[in-house]
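Q: Generate coordinates for the sequence data below:
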Amino acid sequence: MTIERLQTVSSLLEETDARLGAGQAAGAKVWQTSFSALDKALSGGFRSGELVLLGGAQAIGKTTFALQIILDLAATGHNAVYFSFDHDNHTLIQRLIAMEAAEIAGPMGVQLKNVREAFEARYRREPTIEGRLSDTDGGVEAVEALRELGQRLNLHNSKSSDTDVEAMRAVIVKIAQDTGQAPFVVVDTIQKVHFEGPTLLSENDRVALVVEALKDLTLELAVPILAVVAGSPTSGKRMRIQDLRGSETVAVPADVVLIMNEKFDAVARHHLVYNLASAERFHNWVVVSIEKNRSGVDKVHLEFEKAFKQARFNPDGGRVEEELIDERIFVE
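A: As a prediction, this is how the structure comes out:
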């Protein structure tokens, strides 16, 4: 019953003192990412009870960004679970191997295309993935590092036909029970989450209900949820909140909204016209804009360099120095 959730201020303060006296945190737990500039802008990182939306055009790197975050979290002792509606688990593990190899061997680490080739059946004489990557830089070490993560990093092969928010809740609860630690959660993508409801619901209405249910889940289980949102950017403009599919209501329950754009599509015209060398370089960078942030500042624009051959971004990003505009006037 809802009356059971009623609490007086005095009892809440007593509970706070009890937690502090036991050496526990009384406020939200913070999960730091591998992107220090993002953590700084978000006053430490993602928080328990927060729903974070990550939007961007197709192939901009949303899945890569989210995978890189959970890999770093798992490597630093946290639990994480990735609900993937768009990629099978073997596709994800290939990306994770390439990411980890880059952490180990730097730019010389085995590239994603070589990791994919190692998963093919043509290597019939070598029965292990370590053996197939034995002649690569960082490949074997990357696989060993992923094996050592044990139960901390989980991939869920989600399906639009049956994986709804309640199914996610059961998975999250099981991970917490098995490990004694609540996981960081990624949902990729919101539009494909299963929803039992009237068949006449529009996509906007269905997505809005899913987002509201995810927000309730963050509060109930005290976990952060990073949810990837498909977008339909208008040609000639950088993507904004209004370009998210279901955007009429999708951003309302969210605590943080991050929008990814290729830097070339986001900067003002004069940066492109008068410096063509920089204009070409901008294709290799993405801009991550904090469009909404209930816990701090918004309208913050950060940039990170692509390293997609190794299925990752360079985490050493920073603030965008150039002026951004909504429309890209320059045409190649």
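Q: from here on, contacts and neighbour counts on C-alpha atoms
A: Fine.
Q: can you give me the helices in the stretch 151-300 of the chain?
A: Using DSSP state H, counting those that start in this stretch, the helices of the stretch 151-300 of the chain run over 165-179, 203-221, 263-266, 269-273, 276-281.
Q: Now do the longest one: which elements does it pack against?
A: Other elements packing on helix 203-221 under the criterion 3 or more Cα pairs under 8 Å, 6 or more residues apart in numbering; DSSP states H and E are strand 51-56, helix 165-179.
Q: any chance of these in a markdown table, plus distance to residue 40?
A: Formatted as a markdown table, the helices and strands packed on helix 203-221 follow (distance: least, Cα to Cα, whole Å):
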| stretch | distance to residue 40 |
| --- | --- |
| strand 51-56 | 16 |
| helix 165-179 | 27 |
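Q: In which helix or strand does the residue nearest to the spatial centre of the chain reside?
A: For the chain, the residue nearest the mean C-alpha position is residue 66 (2.6 Å; Cα atoms, centre = their mean). Per DSSP states H and E, residue 66 falls inside helix 62-75.
Q: Could you check how far the nearest residue to residue 57 once chain neighbours are set aside is from residue 38?
A: Leaving aside its chain neighbours, residue 57 sits nearest to residue 231 (5.5 Å; criterion: Cα to Cα, 6 or more residues apart in numbering). Distance, residue 231 to residue 38, by Cα to Cα, to the nearest Å: 21 Å.
Q: go on, residue 197?
A: Taken as Cα to Cα, the span from residue 197 to residue 38 is 37 Å.
Q: So, low pLDDT: which residues of the stretch 101-250 of the chain?
A: 123-124, 199, 235-236, 247-248 (pLDDT under 70).
Q: Point out the one among the helices and strands packed on helix 203-221 that comes closest to residue 256.
A: Nearest to residue 256 among the helices and strands packed on helix 203-221 is strand 51-56; the distance by Cα to Cα comes to 4.7 Å.
Q: which other helices and strands contact that closest one?
A: Packing partners of strand 51-56 (3+ Cα pairs under 8 Å, 6+ apart): helix 62-75, helix 203-221, strand 225-230, strand 256-262.
Q: Buried ones in stretch 64-84, by neighbour count?
A: Neighbour counts over stretch 64-84 (16 or more other Cα atoms under 10 Å) mark 64-75, 78-84 as buried.
Q: which residues are contacting it?
A: Around stretch 64-84, the neighbours that count as contacts under Cα atoms under 8 Å, 6 or more residues apart in numbering are 31-35, 95-96, 99, 149, 151-158, 168, 172, 181-189, 226, 311-313.
Q: give me that answer again for 6 Å
A: 33-34, 152-158, 183-188, 312 (Cα atoms under 6 Å, 6 or more residues apart in numbering).
Q: which one of the residues you listed has the most neighbours?
A: residue 183 (29 neighbours; other Cα atoms under 10 Å).
Q: ok, that one - contacts?
A: For residue 183, the contact set (Cα under 6 Å, 6+ apart) comprises 79, 80.
Q: Please tell me how far residue 14 sits from residue 81.
A: Applying Cα to Cα to residue 14 and residue 81 gives a distance of 33 Å.
Q: just residue 173 next, same as before
A: According to Cα to Cα, residue 173 stands 11 Å off from residue 81.
Q: Please apply the same query to residue 128.
A: 25 Å.
Q: What of residue 266?
A: Using Cα to Cα, one obtains 32 Å as the distance from residue 266 to residue 81.
Q: residues near residue 223, how many?
A: Using other Cα under 10 Å, residue 223 has 25 neighbouring residues.
Q: Now it: closest residue in space that isn't a chain neighbour?
A: In space, and not counting its chain neighbours, residue 223 is closest to residue 48: 4.3 Å by Cα to Cα, 6+ apart.
Q: Correct me if wrong: the one you found contacts residue 221.
A: No: if you go by Cα atoms under 6 Å, residue 48 and residue 221 don't touch, sitting 8.4 Å apart.
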